[in-house]
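**Q** only geometry, no sequence info:
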């Protein structure tokens, strides 16, 4: 283990708190854990972003906080399918699964990983795959997304607990694209009904798809209108200055 890795691990350990360890434990995190807040992890990410070799060593430490930081600082250009598959095999809670999905989304192997992972039998692997797929929705073709809605509708009720949550998230992401995809996703959500997920001893909830989709689409339209108005104002100002 390199000196830098040892130093970062020591820093993480110093930043951990008993309260955070308790909170993360309620979210299903087990094994060695320092309990570093996400505010501190974010600060470390800004300082260490792109330190890919460091990320690989941090992951190998097996410490939860170190693995979260590893997923944040790893270079998307250097993340191979082999490394991502190895990381996936280590996922044993939804917090780490979210982190791996976020890292994979930066990689050129993202689409390939999402396609393979979401079909896995294990709960954490499949949930991570669906989480990743939801992040890729804006880059995918409408025809594929409509086919995926059918896949979700057919399988969500019989899928494991956290897979249901991730599938619901993917459905929301598809519907949030608006237009025909919004209509198709809302129709699918109506047929699916309420998605029940056990979040353990936390206050987390799985969002109801239809209102979440409508709210997201409305917000995006509002933001687009503001952007268009600002561009129009800027153009008019530039014209008047001529």
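**A** Received the coordinates, thanks. This is a predicted model, so every value here is computed, not measured.
**Q** separation between residue 82 and residue 70?
**A** 15 Å (CB to CB, to the nearest Å). The C-beta positions use only the backbone N, C-alpha and C, and glycine is treated the same way.
**Q** ditto for residue 9
**A** Counting by CB to CB, the gap from residue 9 to residue 70 is 11 Å.
**Q** Looking at the two, which one has more neighbours?
**A** More crowded of residue 9 and residue 70, by other CB atoms under 10 Å: residue 70, with 26 against 19.
**Q** so what's the more buried one up against?
**A** Residue 70 is in contact with 54, 55, 56, 58, 59, counting by CB atoms under 8 Å, 6 or more residues apart in numbering.
**Q** among these, who's most crowded?
**A** residue 58 (28 neighbours).
**Q** Past the helix or strand where it lies, which element shows up next along the chain?
**A** Counting by DSSP states H and E, the element that carries residue 58 is helix 52-60. Once the chain leaves helix 52-60, the next helix or strand it forms, by DSSP H and E, is helix 64-73.
**Q** Can you tell me which of the contacts of residue 70 is closest to residue 230?
**A** Nearest to residue 230 among these is residue 55, at 38.0 Å by CB to CB.
**Q** Report the separation between that closest one and residue 78.
**A** 9 Å.
**Q** which pair in the contacts of residue 70 spans the largest distance?
**A** Counting by CB to CB, the most remote pair of the contacts of residue 70 is 54 and 59, 9.7 Å apart.
**Q** what sits up against stretch 8-27?
**A** By CB under 8 Å, 6+ apart, stretch 8-27 touches 33-37, 40, 44, 48, 54, 58, 61, 63-66, 69, 93-95, 200-202, 204.
**Q** now those residues: which count as buried?
**A** For the contacts of stretch 8-27, a burial check counting by 16 or more other CB atoms under 10 Å picks out 33-36, 40, 44, 48, 54, 58, 61, 63-66, 69, 93-94.
**Q** Quick one: mean pLDDT over stretch 199-212.
**A** Across stretch 199-212, the average pLDDT comes to 95.
**Q** mind listing what's buried in stretch 231-240?
**A** Of the residues in stretch 231-240, none is buried (16+ other CB under 10 Å).
**Q** do the same with stretch 77-96
**A** By neighbour count on 16+ other CB under 10 Å, the buried set for stretch 77-96 is 79, 83, 84, 87, 88, 91, 92, 93, 94, 96.
**Q** got a list of what the third one touches?
**A** Counting by CB under 8 Å, 6+ apart, residue 84 touches 100, 103, 104, 107, 109, 113.
**Q** Now do the contacts for residue 182.
**A** 175, 176, 213, 217.
**Q** Turn the residues you listed into JSON lines, columns for neighbour count.
**A** Shown next, in JSON lines, are the contacts of residue 182 (neighbours: other CB atoms under 10 Å):
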{"residue": "175", "neighbour count": "28"}
{"residue": "176", "neighbour count": "22"}
{"residue": "213", "neighbour count": "24"}
{"residue": "217", "neighbour count": "18"}
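**Q** Now the two most distant members of those residues.
**A** Farthest pair in the contacts of residue 182, by CB to CB: 175 and 217, 7.6 Å.
**Q** what about residue 120, is that helix, strand or coil?
**A** Taken by DSSP: H, G, I helix; E, B strand; the rest coil, the conformation at residue 120 corresponds to coil.
**Q** Fine, thanks again, bye for now.
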